[in-house]
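Asks: Fold the following.
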Amino acid sequence: QLQFVESGGGLVQPGGTLSLSCAASGFSLDYFAIGWFRQAPGKEREGVSCIGGSDGSTYYADSVKGRFTISRDNAKNTVYLQMNSLKPEDTGVYYCAADCTPLGVDSWGQGTQVTVSS
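Replies: Predicted coordinates for the structure are as follows:
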């Protein structure tokens, strides 16, 4: 079972920035596509961004394009999500997993809470 530890969330004002980290535990991320997902209260979990394993190709949900940037550092076994120009609708618990769609994920980590509020 692939395990991840998400961190970096917090409370930020609209327009602010946060940088999330997704660290793999017990295995190498090198060849895995890694996705970031979020779940707002009362809503289904949705895909936010994904980065390919072999070619590093990236995908962003329309709602975050131009504001979020996903990257990976295989040497540190970590994937990052830089979030700029945050909006209240970005609020939720953010998770990472070794897939680009939530339907393919068997289990989830603890996630990290992001709250965008004035």
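Asks: Look at the residue at minimal distance from the centre of the chain and report its pLDDT.
Replies: The C-alpha lying nearest the average C-alpha coordinate of the chain belongs to residue 36 (CA atoms, centre = their mean; 2.8 Å). pLDDT, residue 36: 98.
Asks: What's the separation between it and residue 101?
Replies: 12 Å (CB to CB, to the nearest Å). To be clear about C-beta, it is placed using only N, CA and C from the backbone, and glycine gets the same treatment.
Asks: wouldn't residue 46 be in contact with residue 102 here?
Replies: Yes. With contacts counted by CB atoms under 8 Å, residue 46 reaches residue 102, the gap being 7.3 Å.
Asks: Quickly list what's touching both of these two.
Replies: Both residue 46 and residue 102 are contacted by residue 37, under the criterion CB atoms under 8 Å, 6 or more residues apart in numbering.
Asks: Looking at those two, which one has more neighbours?
Replies: More neighbours surround residue 102 than the other of residue 46 and residue 102, with 17 against 14 (other CB atoms under 10 Å).
Asks: show me what contacts the more buried one?
Replies: Residue 102 makes contacts with 35, 37, 45, 46, 47, as judged by CB under 8 Å, 6+ apart.
Asks: would you list the residues you listed in CSV and tack on distance to residue 9 and secondary structure?
Replies: Listed next are these as CSV, based on distance: CB to CB, whole Å; DSSP: H, G, I helix; E, B strand; the rest coil:
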residue, distance to residue 9, secondary structure
35, 17, strand
37, 13, strand
45, 15, coil
46, 16, strand
47, 18, strand
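Asks: who's in contact with the biggest strand by length in the chain?
Replies: Assignment by DSSP state E gives strand 18-25 as the longest strand of the chain. Under the contact criterion CB under 8 Å, 6+ apart, strand 18-25 has outside partners 2-10, 12, 34, 36, 76-83, 86, 94, 96, 112, 114.
Asks: hmm, 6 Å instead?
Replies: With CB atoms under 6 Å, 6 or more residues apart in numbering as the test, strand 18-25 has contacts from 3-8, 12, 77-83, 94, 96.
Asks: Appreciated, that's everything.
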